[in-house]
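In: coordinates only, sequence not included:
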């Protein structure tokens, strides 16, 4: 295009030079015709040919001049057209950038409007105490809606289909996220349920094992009083046939009956503890201790032992009083029952306190003690940790199942040096 412009200028200048050169030739021809008409007549034919040639050259020069001027004009027009096109492209890019900016602002305003709508829905569900603030927010929301509608009217030419597709994509992504969350939640619940079933199955197996052991040992321990009944009844019959005094045998028979009745009551307590539901209530620990010591008055060794009671709990606590009564009765009763008659100072120390929302019961004594090989079995059913026949071996077993039922624990601490035995039970409570 630039070469074409140069050619046009060259043609224009050349044609102008030719026209300037031709003008003097014509003037000289006219003067020569005036001076000598005779010569003019003679050279008419030659002059006519010269004039024709000059006219031809002049015509060609004018044509070349026209092409040159046309080329220059065409280049100027083309240059102007290119400038206008570049300007139009610039304006078009500005329009595109402005349109893109407006689209982004529209999306932002649309998202803000959705957020305001959600906030408005939440605010509308609030109580009457914030009605004034709710009205203000409604007014603001109305203003935002009007601004949003104005923006929508200014952006009618935007690509609505693409917006719908993007919205559908967001909805699908949200649904996928929700489904993924639901799947994870279900998987977590299945794992928790499986874990709970496993724990329940283990507890059931433990219960079945305890039940089998309970039935076996109950039958075994009840066989002894029944055998004594049979032996005493035969002996009484023999003495009666010989007219001898049978009062001693009847006393033994009555003692065996009382022993069997006590054992059956304790076995009944074991069943009731396992089967009955926990019935917590607000009650004073002092009141429970009072009923416990009333029941322990029948213990023949109670007066031989000094009992030191330290109850640091003055306020009522939330607990099942019957179960707590059995723990106190069995722990204190065992400490009194197995005292050491060879010691001058025989004592039982009872301490009750609350530590970290746990009811802690400590019963310590300086009685006959528990041998090391017997300590790991001391909480088993019908296990007696002494050679002295002073009980059926149910007291500590009852304490164990009660503390377990109340989500607590009980432990034995025995000092070989000081020959002191301590049972410590911990039970979570609500004060």
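Out: Good, I have the coordinates. Quantities reported herein were computed from a predicted structural model and do not represent experimental measurements.
In: in the stretch 1-150 of the chain, where is pLDDT below threshold?
Out: Low-confidence segments of the stretch 1-150 of the chain, defined by pLDDT under 70: 1-5, 7-8, 19, 22-52, 126.
In: what about the helices in the stretch 251-400 of the chain?
Out: Assigned by DSSP state H, counting those that start in this stretch, the helices in the stretch 251-400 of the chain fall at 285-295, 321-337, 372-375, 395-405.
In: for the third one, which helices and strands make contact with it?
Out: In terms of contacts (3 or more CB pairs under 8 Å, 6 or more residues apart in numbering; DSSP states H and E), helix 372-375 is packed against strand 409-415. To be clear about C-beta, it is placed using only N, CA and C from the backbone, and glycine gets the same treatment.
In: the helix or strand just after the strand it packs on pairs with which strands, parallel or anti?
Out: Counting by DSSP states H and E, the next helix or strand C-terminal to strand 409-415 is strand 420-428. Partners of strand 420-428 in the sheet, by DSSP bridges, are strand 358-365 (antiparallel), strand 409-415 (antiparallel).
In: the ones you listed into TSV, with extra columns for distance to residue 188, mean pLDDT and mean neighbour count?
Out: Output for the strands paired with strand 420-428, formatted as TSV (distance: least, CB to CB, whole Å; pLDDT from 0 to 100; neighbours: other CB atoms under 10 Å):
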stretch	distance to residue 188	mean pLDDT	mean neighbour count
strand 358-365	31	95	20
strand 409-415	30	92	14
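In: now render those strands as TSV, adding distance to residue 421.
Out: Output for the strands paired with strand 420-428, formatted as TSV (distance: least, CB to CB, whole Å):
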stretch	distance to residue 421
strand 358-365	6
strand 409-415	5
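In: those strands: which one's closest to residue 13?
Out: Among these, the nearest to residue 13 by CB to CB is strand 358-365 (115.9 Å).
In: between helix 285-295 and that closest one, find me the angle.
Out: Going by axes from the mean of the first three to the mean of the last three CA atoms, to 10 degrees, strand 358-365 is angled at 30 degrees with respect to helix 285-295.
In: what sits up against strand 358-365?
Out: Outside strand 358-365, the residues within contact range by CB atoms under 8 Å, 6 or more residues apart in numbering are 305, 313, 317, 319, 327-328, 331-332, 335, 338-339, 347-354, 408, 420-429.
In: excluding covalently adjacent residues, which one is nearest to residue 245?
Out: residue 239 (7.4 Å; CB to CB, 6 or more residues apart in numbering).
In: tell me which element the one you found falls in.
Out: helix 160-241.
In: about what we covered before: closest to residue 168 out of the strands paired with strand 420-428?
Out: Going by CB to CB, the one of the strands paired with strand 420-428 nearest residue 168 is strand 358-365, 57.7 Å.
In: give me the most central residue, this structure.
Out: With distances taken as CA atoms, centre = their mean, the residue of the chain nearest its centroid is residue 185 (9.6 Å).
In: can you give me the distance of that one to residue 194?
Out: Distance, residue 185 to residue 194, by CB to CB, to the nearest Å: 15 Å.
In: ok, now residue 291?
Out: For residue 291, the distance to residue 194 - CB to CB - is 45 Å.
In: out of those two, which sits in the busier spot?
Out: Neighbours per residue, other CB atoms under 10 Å: of residue 291 and residue 194, the larger number sits with residue 291, 13 against 10.
In: touching, the more buried one and residue 322? I think so.
Out: No: in this structure, residue 291 is not within contact of residue 322 by CB atoms under 8 Å, at 10.2 Å.
In: tally of neighbours for residue 380?
Out: So residue 380, with other CB under 10 Å, has 15 neighbours.
In: SS state for residue 102?
Out: Classification of residue 102 by DSSP: H, G, I helix; E, B strand; the rest coil places it in helix.
In: and it, what does it touch?
Out: Contacts of residue 102 (CB under 8 Å, 6+ apart): 154-155.
In: from residue 415, how far off is it?
Out: Going from residue 102 to residue 415 by CB to CB gives 87 Å.
In: what does residue 406 give?
Out: Counting by CB to CB, the gap from residue 406 to residue 415 is 27 Å.
In: same question for residue 177.
Out: Counting by CB to CB, the gap from residue 177 to residue 415 is 62 Å.
In: again, but for residue 141
Out: Relative to residue 415, and taking CB to CB, residue 141 is found at 76 Å.
In: cool, thanks, signing off.
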